[in-house]
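[1] Need a 3D model of the sequence below.
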Amino acid sequence: MSSKIVDVAAAVILRPDGEFLFARRPEGKAYAGYWEFPGGKVEPGERVEQALVREIREELGIEVTRAYPWLTHVFTYPHATVRLHFYRVTAWNGEPHPHEGQIFAWQRPETPDVSPILPANGPILRALSLPPVMGISNVAELGMGDFLSRLESALQGGLRLVQLREKHLSATEFKLMAQQAIALAHRHGARLMINGEPELAIQLEADGVHCTAQRLLSLDARPGVPWCGASCHTREEMDNAARLEFDYVVLGPVLPTLSHPDAHTLGWDVLAEWTKDYPLPVYAIGGMRPELLETAWQHGAHGIAMLRG
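    Modelled structure (predicted):
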């Protein structure tokens, strides 16, 4: 097998209801009958974005009008090593048609009901199930009662990922608050991450653990919980999270914050540079507001994480 890496543009075509388009590879191609995200090889001298638009036009007969850079995965098949550049496509002209003998199916990332799926796409489906907004607890500023009330309102409004981060609380206070927050989150179908020890997350029946940057660099294995995330401020920390096969990272601060107005910020350009060719979903943090979600997508982030926003 050649050691050359083949660059491939892959489109995660998303409808407003959250469903994405899967295509079954036609007869005559490697892995015929397997399901995949549509796309194809990047030609010499072609930018990945150009290849994406061209391939989707040729394969599906639609014109991509809005696409955001997302994840990049390198995967070795028996016949080739591919570098898959995934873009989330949210707007296009026309209706998809199987121009190359494919079969199409609209699917939900949490419950795909087609098989077999190309091996490289397992982590992509998992990443796709993460919502675009993470809410971070703020009990220190709000008080426990007000925080839980606001959390419930946010969950009713669609928030589906919460991180509990309250270092000032005693162990007893944190457990009491966490139990109530977890019950609220699960009642609304949301995931709740504990910023703390994996053992505590397991004990409280949270969905996973969120590691500090310091804790992340001390790990040599992924914690044994369903979902793992980490706070990152440097590319070294991001690389360690990827090596440990975490599910996401929170990167920042991107913009100045009320709590740390004089802290060094990364800015959007650095965020875009560090997310380029990165395999994990990245949440931008620091000065984020709901109206900045589109900007975060444009710079390669999966979404935004907000404390006050």
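
[2] all contacts plus neighbour counts: C-alpha atoms, from now on.
    Fine.

[3] Can you list the low-confidence ranges for the stretch 51-200 of the chain?
    Applying pLDDT under 70 to the stretch 51-200 of the chain flags no residue at all.

[4] Met134 belongs to a strand, doesn't it?
    Yes - counting by DSSP: H, G, I helix; E, B strand; the rest coil, Met134 falls inside a strand.

[5] packing partners for the helix or strand hosting Ala284?
    If you go by DSSP states H and E, Ala284 is part of strand 282-285. Packed against strand 282-285 by the contact rule (3 or more C-alpha pairs under 8 Å, 6 or more residues apart in numbering; DSSP states H and E) you find strand 248-251, strand 303-306.

[6] out of these, nearest to Asp220?
    Taking C-alpha to C-alpha, strand 248-251 is the member of the helices and strands packed on strand 282-285 nearest to Asp220, at 16.7 Å.

[7] Would you mind checking the average pLDDT for the closest one?
    What strand 248-251 shows for mean pLDDT is 98.

[8] Which elements pack onto the helix or strand harbouring Glu236?
    Glu236 is located in helix 235-243, with elements delineated by DSSP H and E. Applying 3+ C-alpha pairs under 8 Å, 6+ apart, we find helix 235-243 packed against helix 213-218, strand 227-232, strand 248-251.

[9] what's the following helix or strand after the last one?
    Which is strand 248-251. Taking DSSP H and E as the definition, the helix or strand right after strand 248-251 is helix 267-275.

[10] Spell out, range by range, the helices that occur in the stretch 101-250 of the chain.
    Along the stretch 101-250 of the chain, the segments classed as helices by DSSP state H, counting those that start in this stretch run 122-128, 139-142, 144-156, 171-187, 198-204, 213-218, 235-243.

[11] For those, please prepare JSON lines with the additional fields distance to Val114 and mean neighbour count.
    Below are the helices of the stretch 101-250 of the chain laid out as JSON lines (distance: least, C-alpha to C-alpha, whole Å; neighbours: other C-alpha atoms under 10 Å):
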{"stretch": "helix 122-128", "distance to Val114": "13", "mean neighbour count": "16"}
{"stretch": "helix 139-142", "distance to Val114": "43", "mean neighbour count": "14"}
{"stretch": "helix 144-156", "distance to Val114": "31", "mean neighbour count": "16"}
{"stretch": "helix 171-187", "distance to Val114": "27", "mean neighbour count": "16"}
{"stretch": "helix 198-204", "distance to Val114": "32", "mean neighbour count": "16"}
{"stretch": "helix 213-218", "distance to Val114": "36", "mean neighbour count": "15"}
{"stretch": "helix 235-243", "distance to Val114": "28", "mean neighbour count": "18"}
